[in-house]
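Chemist: Quick check, what structure comes out for this input:
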Amino acid sequence: MISAVALCLIAVITGCGSGSAQTSDARAGATISIHPAVIGQAIHATVLGANSTVSFDTAIPGQSEAFRRAGMKAGRWPGGSDSDEFNWQTTTGCRAKSYVWPSATFDHYMTLIARPAGLDVAVTVNYGSSGQPACIAPGDPQIAAAWVHYANTTRHYGVRWWEVGNEVYGSWETDQHALPHDAATYASSFGNYLKLMKAQDPTIRVGIPVSPGAVDPSGRNWDAYVLAHTQFDYVDLHFYAQQPGKEDDGFLVRDAPGAFAGILAKLKAELATAGKPDSPIDIGEIGSVYDKPGKQTVSITQALFAGQALSEMLLAGVRRSTWWLGNGGCGTNGNLSASLYGWQEFGGYAIFSDGLPTPPYGGCSNVIETIPFGTLLPTARVYQVLSQSGFVTDGERMIGVTVPPNLRSVRAYAATHGKNFALLLFNLDDQKTVSVPITIDSVSHGSGIHSLTYGKTQYDLSRDGTWAGPAAEHTGPWTSPITVTLPPYAVAAYLISR
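Modeler: The predicted structure is shown next:
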């Protein structure tokens, strides 16, 4: 996971207050228009994914089922900064630094979570250290190569994606090289990793960590140097929207998705400058806050950010992403401010319940509320909407959609769905229901509309201990324009059939 220096966006906009729902009909001319002729990037279902981590017991039954119900297609392991302190052969980490759950073995992750859930897996190998438990030596590429051999030759897991190091551009990451966090040292070391790992399986893809704007201790621009001096197969970007203690609902819901899109654009420009414009981009970690997760992480607000961030990935052609994280404990030391919308007095990175109050897995043993293990929390519900609605379907493409300026609270994304169309709408107003007409260029009628909606209406039931799923609806034949009604603080996916 990320630390304070990397990709932190300080909240600058006052959050939306809570209140009773109101209805706002769209003004005259406020029509959302879908443009099927404007063809965008191909959709990859592996943007729907989540991390797992060695600090949580991967042998607990039920984790794969939660991944399946949320529609997850991708996974990443061993997760976060533990990756640069972890020895996969012994399932140990650095003494007094990282905690590794004894049963959080690679085989348990693959056989109990990844394979049953059908996840496309990325593995982060240890660049930072070796010689557990003291961890006083740099990472050993021979250990990484042995991992590739074990995974794909001995066990036939077919793990395709391998990244060398996690956020090694950052001072928070364990790095026992003589020049830690140094771009030139990393580029030179990466060559050894690449050679030895591909000697074990030439079909694998080996990636590098990137962070637009990061500078190494010698003053080099990290991305510019490593992109120019390594023969990588893909790049791995991490993004966290806010600093802990400075969370702001208005910023997270309305502005953070655009900030993330800006980071993606900057990375694509860096790849073009390096002469590698078609390099795949993997979002290895993404979340709303990089430390001390508070109530926002289990609220509808993070869910709305997640849905928009995923949509921006689809627009940019991102092939894989893994949310931080699937299961992994919770705590009560984060931001629980009344200024943040939500009913819970705890927070956590996990988007599936660990079975609150979760002793001994997390810091929530003092929480009264009980949430059964594997329950999909709001962020996972948005993944479910994107998956079950068919909006995220392999091989389909993003298409053009326009939203008039006077619909300031509405965000829209559109995609093909065979001969039909998929539309994803967000209402970012926490109080007002919005009714808005939809048109499709050169299409005047059709046979039916399926919709899935998740929002404040469903989330608010959690105040009384009910964690509801999306609401489904089907309507019959339609003629243009189609009028849809968006509840407050909600995401709605529509499959519009001809």
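
Chemist: ok, and the closest non-adjacent residue to T483?
Modeler: Closest residue in space to T483, ignoring its immediate chain neighbours: P437 at 5.1 Å, by C-beta to C-beta, 6 or more residues apart in numbering. (C-beta placed from N, C-alpha, C; glycine too.)

Chemist: Does that neighbour touch T479 like I think?
Modeler: No: using C-beta atoms under 8 Å, P437 is not in contact with T479; the gap is 11.4 Å.

Chemist: okay, these two: which has more neighbours?
Modeler: Remark: of P437 and T479, P437 carries more neighbours, 16 against 8, as counted by other C-beta atoms under 10 Å.

Chemist: Could you pull out the strands in the stretch 1-150 of the chain for me?
Modeler: Taking DSSP state E, counting those that start in this stretch as the criterion, the stretch 1-150 of the chain carries its strands at 22-25, 32-42, 49-51, 74-77, 120-125.

Chemist: and A96, which of these is closest to it?
Modeler: With C-beta to C-beta as the criterion, A96 lies closest to strand 120-125 of those, at 21.6 Å.

Chemist: Please identify the buried residues of that closest one?
Modeler: Under the neighbour-count criterion of 16 or more other C-beta atoms under 10 Å, strand 120-125 has D120, V121, A122, V123, T124, V125 buried.

Chemist: ditto for stretch 56-64
Modeler: Within stretch 56-64, the residues that count as buried by 16+ other C-beta under 10 Å are F56, D57, T58, A59, I60, Q63, S64.

Chemist: Output those in a markdown table; the columns should cover distance to K292 and pLDDT.
Modeler: Formatted as a markdown table, the buried residues of stretch 56-64 follow (distance: C-beta to C-beta, whole Å; pLDDT from 0 to 100):
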| residue | distance to K292 | pLDDT |
| --- | --- | --- |
| F56 | 17 | 91 |
| D57 | 22 | 91 |
| T58 | 24 | 91 |
| A59 | 27 | 91 |
| I60 | 24 | 90 |
| Q63 | 24 | 95 |
| S64 | 29 | 97 |
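
Chemist: TSV for the residues you listed, including distance to T375?
Modeler: Listed next are those as TSV, based on distance: C-beta to C-beta, whole Å:
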residue	distance to T375
F56	16
D57	17
T58	18
A59	19
I60	14
Q63	12
S64	15
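
Chemist: Can you tell me which of those residues end up in helices?
Modeler: Counting by DSSP state H, the buried residues of stretch 56-64 place Q63, S64 in helices.

Chemist: List just the nearest of the buried residues of stretch 56-64 to K456.
Modeler: Q63 (28.0 Å).

Chemist: which residue sits closest to the closest one, ignoring its sequence neighbours?
Modeler: Leaving aside its chain neighbours, Q63 sits nearest to I113 (5.0 Å; criterion: C-beta to C-beta, 6+ apart).

Chemist: The one you found and D84, how far apart?
Modeler: With distances taken as C-beta to C-beta, to the nearest Å, I113 is found 22 Å from D84.

Chemist: Report the contact partners of Y99.
Modeler: By C-beta atoms under 8 Å, 6 or more residues apart in numbering, the contact set of Y99 is S55, G93.

Chemist: Sounds good, over and out.
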